[in-house]
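# Got a predicted structure here, sequence first:
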Amino acid sequence: MTEWLGMPPLAATHGGQIDNLIGWIHIFMLILFVGWGGFFLYALVRFRQSRNPVADYQGVTSHRSTYLEIGVAVVEAVLLIGFAIPLWATRVDALPAADEALTVQVTGEQFAWNIHYPGPDRVFGRTDVKLLDLQSNPLGVDRSDPAAKDDLVTLNQLYLPANRPIIVKLRSKDVIHSFGIPEFRVKQDAVPGLTIPIWFIPNVTTAEMRARTANPEFQYEIACAQLCGLGHARMRGYVTVQSADEFQKWIDDKIKEEAEADIFR
Ligand SMILES: [Cu+2]
């Protein structure tokens, strides 16, 4: 029902609900716009100077406008409490079971997205701020921790399997950033000092989306949606959604690559 809004193509299972809500809010706002605009024009004519040469100190005594305003407030409260908050709560609170989901840590910094996978053991290795090195170890992963041995870290490249719940744990190193992927209808602030989860199920692979949009260069983008500093506009990450097999191959290759690099460390 929301084609008329020109939203980006949809690529996550929960996106339809978000689009519906956005659609309803637009319809409601249109009604309000027409209603208030009409009232404004009515007031211009009804209270024109030629008809009212002397000001009426009593003013309007009818309660009709009060009832109207209460009505508007009730509809807004229903949209917020009945729809928007529950929708948001299922995204950040009702998380899927950890053993069927893929959990990824995403840490924003001025001006990049650091992606951290726990590896096959599904346990994130220890990180230590003392080990932090912007070039070689941007997350301060402690490689001497056994759980960290198979961890993978990438810069601005988020690889995800399709049709599997993804839990993103959002963090920030410096200021408030916002993790936004328009096609997934996902947008959540990353706040320094907090780890904020958000989950979704991407259901269209990058290859499928390229075919669908007839754009061989199509890429899902993580756009930082909070003005976070001078380089905000180039704070951009890329998401590659693949089939489960392709994703597994990517993980395996990446682990091999890391192991080979380790020999020279
Ligand atoms: Cu940012």
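Happy to help now that I have it.
# Name the nearest residue to the residue nearest the centre of the chain, ignoring sequence neighbours.
For the chain, the residue sitting closest to the mean C-alpha position, by CA atoms, centre = their mean, is K187 at 1.6 Å. Spatially, and ignoring its direct neighbours in sequence, K187 is nearest to G180 (4.2 Å; CB to CB, 6 or more residues apart in numbering). For the C-beta atoms, the positions are set from N, CA and C on the backbone; glycine is no exception.
# Helix or strand next in line after the helix or strand containing the one you found, which one?
Assigned by DSSP states H and E, G180 belongs to strand 177-181. The helix or strand immediately downstream of strand 177-181 is strand 186-190, counting by DSSP H and E.
# And the contacts of that following strand?
12, 91-92, 106-108, 168, 170-172, 176-181, 196, 198, 200, 225-226 (CB atoms under 8 Å, 6 or more residues apart in numbering).
# Strand partners (parallel or antiparallel) of that strand?
strand 177-181 (antiparallel) (DSSP bridges).
# quick check, distance from the strand it pairs with to the centre of its chain.
Offset of strand 177-181 from its chain centre (CA atoms, centre = their mean, to the nearest Å): 5 Å.
# Name the residues of it that come out as buried.
H177, S178, F179, G180, I181 (16 or more other CB atoms under 10 Å).
# and if you look at stretch 120-132?
So stretch 120-132, judged by 16+ other CB under 10 Å, has buried residues F124, G125, R126, T127.
# re earlier: among the buried residues of strand 177-181, which one lies nearest to the ion?
Lowest distance from the ion to those (CB to the ion) belongs to H177, with 3.5 Å.
# Tell me who's in contact with that closest one.
G108, E109, D189, A190, C224, Q226, C228, M235.
# Quick check: beta-bridge partners of Q157?
Y238.
# ok, now how distant is it from the ion?
From Q157 across to the ion, the span is 17 Å (CB to the ion, to the nearest Å).
# thinking again about what came up before, beta-bridge partners for the residue nearest to K187, please?
K187, A223.
# does it really touch A223, like I thought?
Yes. Counting by CB atoms under 8 Å, A223 is a contact partner of G180 at 4.9 Å.
# Give me the nearest residue to D151, chain neighbours excluded.
The nearest residue in space to D151 (CB to CB, 6+ apart) is G125, at 4.6 Å.
# Can you read off the pLDDT for the one you found?
Predicted confidence (pLDDT) at G125: the value is 86.
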